[in-house]
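Visitor: Structure here, sequence nowhere to be found:
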């Protein structure tokens, strides 16, 4: 009788140890399966992130190329504006010289008012052409800047 309780205690301890081992094995198995699922999610997230980054890089490269092309076109338009301005200045100088030649060609002993009128006309014409040329050049530069910005950043503008 005295050995019976010890035997019962040992059997209970053995059953408890077996149940604990089974529980631990089940827990380890479940944790292993969860880790497999976590790894699958990590891989899927990494692939999605890589695809999103590739698409973003492609869009950035496209927008950068579009911006660079627009800036280059703006530089070309600026050169054209400078050439037109220089041509306009040359034409104005030629017209001013022609008026000055006419003014010098009027004899001084003839109609003095004609000489004064031509001189005044030359002065007014020179002032007008200088101001109109400057205004046209400013307007062309403004239009060029607007076109460059519109071409470089088309998504920033509201739809027309």
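Guide: Nice, thanks for sending it over. Bear in mind the structure is a predicted one, so any value in this text is a computation, not a measurement.
Visitor: how about stretch 88-102: buried residues?
Guide: For stretch 88-102, burial by neighbour count (16 or more other CB atoms under 10 Å) applies to 88, 92, 96, 99. C-beta coordinates here come from the backbone N, C-alpha and C atoms, glycine included.
Visitor: so where's the chain uncertain?
Guide: The chain contains residues with pLDDT under 70 at 1-3, 102-103, 105-110, 155-160.
Visitor: ranges for the helices of it?
Guide: 3-105, 112-152 (DSSP state H).
Visitor: helices and strands around the last one, which ones?
Guide: For helix 112-152, the contact count by 3 or more CB pairs under 8 Å, 6 or more residues apart in numbering; DSSP states H and E identifies helix 3-105 as packing neighbours.
Visitor: And residue 5, how close does it get to residue 13?
Guide: Going from residue 5 to residue 13 by CB to CB, to the nearest Å gives 12 Å.
Visitor: next one: residue 79
Guide: Residue 79 sits 96 Å away from residue 13, going by CB to CB.
Visitor: coming back round to it: list just the nearest of the buried residues of stretch 88-102 to residue 50.
Guide: residue 88 (56.2 Å; CB to CB).
Visitor: and the residue lying closest to that closest one once chain neighbours are set aside, how many neighbours does it have?
Guide: In space, and not counting its chain neighbours, residue 88 is closest to residue 133: 4.9 Å by CB to CB, 6 or more residues apart in numbering. Neighbour count of residue 133, defined by other CB atoms under 10 Å: 16.
Visitor: got the contact list for residue 133?
Guide: Each residue near residue 133 by CB atoms under 8 Å, 6 or more residues apart in numbering is listed here: 85, 88-89, 92.
Visitor: Out of those, flag the one nearest to residue 139.
Guide: Nearest to residue 139 among the contacts of residue 133, counting by CB to CB, is residue 85 at 11.6 Å.
Visitor: So what's the residue count around the spatially closest residue to that closest one that is not a sequence neighbour?
Guide: Nearest non-adjacent residue to residue 85, counting by CB to CB, 6+ apart: residue 137, 5.0 Å away. Residue 137 has 16 neighbours, counted by other CB under 10 Å.
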